[in-house]
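Asker: have a look; sequence and predicted model below, questions after that.
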Amino acid sequence: MVGEATQIGNSNEANPVVTQKKEIKTSHDLYERYKDFAQVEKEAIEGKITKAEYLTSKLEFFRDFMKTKSDTVRAIINQNKDLIALLLKKGVDDVNHIVIEDLNKLADSCKNLSIDDKVEVLNTVLAAYHPDTAINHSLKMATELVPIAKDALNLTATEAHQLELGCKIHDVGKLLTSRGKFLDATGDYSILERNSHPKSGRDILELFKLPDQLQDYALMHHEKLSGKGGYPINTSNVPSNVQLLSIIDIYNALSEPRSYKLPLQKNRISNILDKLIKDGEVSEHFCGLIEKLKN
């Protein structure tokens, strides 16, 4: 496993940040374990602990996360230890990031995998760089919000599964975006930086030869049906499945605590969700889902 092979600093470089260990058997256990790490990340963002302390805790959490993965995914991660080590060494304020060429070896090692396994690998790699995006956001959308959408919209098992996959990799383009200036909102960022992660995500999924439908999730999840104010294309031609992912993407972003912000109050979330329909940003077809999310 990469945890045994990857070292960050020396053992006497800093005292590890102590987190309460929880055995991870279910997705709920994973999110509870993440809460421990999120507190450490918050302290790192606030400058209360050193980068070395943060990275020690990050490695510890990634090792635990890896225990939840299949043998297939662990084997691929082990084949790409240099890339994983590079990502694990990124702190909360790093402005340098990898480029898509750094993913060529990973893509080649995944060429014979199933679509599902490729998605799991990419989500795992994102977790090495930014656990909040990969786990507290993307995985939580897949495990907790997709079932609500399935029930509200009577999705077929196939439709729900495709949505799960989309949730897990819709933000994978953030692998190619600097953490300090974009993901943690700790500094100003340009429109170019903001717009980059959907296009980067599409490029990554294309490199991994994943289907067009999954590429659409990455490229278009910030577009609006009204054609006003979306990015990076600013088109009104937004597929229904992408609109659906966008709704639960927004809901998760508003309702979950992040290392740099608290969740919004329920009435504010309700108003924002209602405004999606009122302003024509998503189809009225999703009114039932929005009502379920509000309640």
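Answerer: Received it, and whenever you're ready, just let me know what you need. Note that this is a predicted model, so its numbers are computed, not measured.

Asker: show me where pLDDT drops low in the stretch 51-200 of the chain?
Answerer: Within the stretch 51-200 of the chain, the stretches with pLDDT under 70 are 180-194.

Asker: from residue 147, how far out is residue 273?
Answerer: Going from residue 273 to residue 147 by CB to CB, to the nearest Å gives 18 Å. To be clear about C-beta, it is placed using only N, CA and C from the backbone, and glycine gets the same treatment.

Asker: the more surrounded of the two?
Answerer: Between residue 273 and residue 147, counting by other CB atoms under 10 Å, residue 273 is the more crowded of the two (22 against 13).

Asker: please name the nearest non-neighbouring residue to that one.
Answerer: residue 290 (4.8 Å; CB to CB, 6 or more residues apart in numbering).

Asker: now swap in residue 196 and tell me
Answerer: residue 177 (5.9 Å).

Asker: contacts for the helix or strand hosting residue 196 next, please.
Answerer: In the assignment (DSSP states H and E), residue 196 maps to helix 191-207. Identification of contacts with helix 191-207 by CB atoms under 8 Å, 6 or more residues apart in numbering yields 100, 103-104, 107, 122, 169-178, 181-182, 214-215, 218-222, 231-232.

Asker: what is the helix ranked longest in the chain packed up against?
Answerer: Using DSSP state H, we find that the single longest helix of the chain is helix 27-45. Counting contacts by 3 or more CB pairs under 8 Å, 6 or more residues apart in numbering; DSSP states H and E, helix 27-45 is packed against helix 51-66, helix 131.

Asker: elements contacting the last one?
Answerer: Here helix 131 is seen to pack against helix 27-45, helix 51-66 when contacts are counted using 3+ CB pairs under 8 Å, 6+ apart.

Asker: run the chain-centre distance for stretch 128-139.
Answerer: In terms of CA atoms, centre = their mean, to the nearest Å, the centre of stretch 128-139 is set 4 Å apart from its chain centre.

Asker: span of it from start to end?
Answerer: 14 Å (CA to CA, to the nearest Å).

Asker: buried residues in the host helix or strand of residue 87?
Answerer: Using DSSP H and E, residue 87 falls within helix 81-88. Neighbour counts over helix 81-88 (16 or more other CB atoms under 10 Å) mark 83, 84, 85, 87, 88 as buried.

Asker: pretty sure the first one sits against residue 108.
Answerer: No - assessed by CB atoms under 8 Å, residue 83 is found out of contact with residue 108, at 12.0 Å.

Asker: chain neighbours aside, what residue packs nearest to residue 30?
Answerer: For residue 30, the closest residue by CB to CB, 6+ apart turns out to be residue 24, at 5.2 Å.

Asker: do the same with residue 236
Answerer: residue 227 (3.2 Å).

Asker: how far away is residue 55 from residue 233?
Answerer: For residue 55 relative to residue 233 (CB to CB), the value is 37 Å.

Asker: between the two, which is the more surrounded one?
Answerer: Taking neighbours as other CB under 10 Å, residue 55 and residue 233 compare with residue 55 leading, 22 against 16.

Asker: count the neighbours of the residue nearest to residue 273 for me.
Answerer: Neighbours around residue 290, by other CB under 10 Å: 19.

Asker: switch to numbering from 561
Answerer: Sure thing, new numbering starts at 561, so read that last one as residue 850.

Asker: just checking, it touches residue 837?
Answerer: Yes - with contact defined as CB under 8 Å, residue 850 counts as touching residue 837 (6.6 Å).

Asker: what touches both of those two?
Answerer: The contact sets of residue 850 and residue 837 do not overlap (CB under 8 Å, 6+ apart).

Asker: CA atoms only: put the host helix or strand of residue 778 into PDB for me.
Answerer: Counting by DSSP H and E, the element that carries residue 778 is helix 772-780. Extracted as PDB, the C-alpha positions of helix 772-780 are listed here (Å, rounded to 0.1, in the frame of the first residue of the first chain):
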ATOM      1  CA  ASP A 772     -18.600  11.400 -23.000                       C
ATOM      2  CA  GLN A 773     -21.400  11.400 -20.400                       C
ATOM      3  CA  LEU A 774     -18.900  11.500 -17.600                       C
ATOM      4  CA  GLN A 775     -16.800  14.100 -19.400                       C
ATOM      5  CA  ASP A 776     -20.000  16.300 -19.600                       C
ATOM      6  CA  TYR A 777     -20.400  16.100 -15.800                       C
ATOM      7  CA  ALA A 778     -16.900  17.500 -15.400                       C
ATOM      8  CA  LEU A 779     -17.100  20.100 -18.100                       C
ATOM      9  CA  MET A 780     -20.600  21.400 -17.600                       C
END
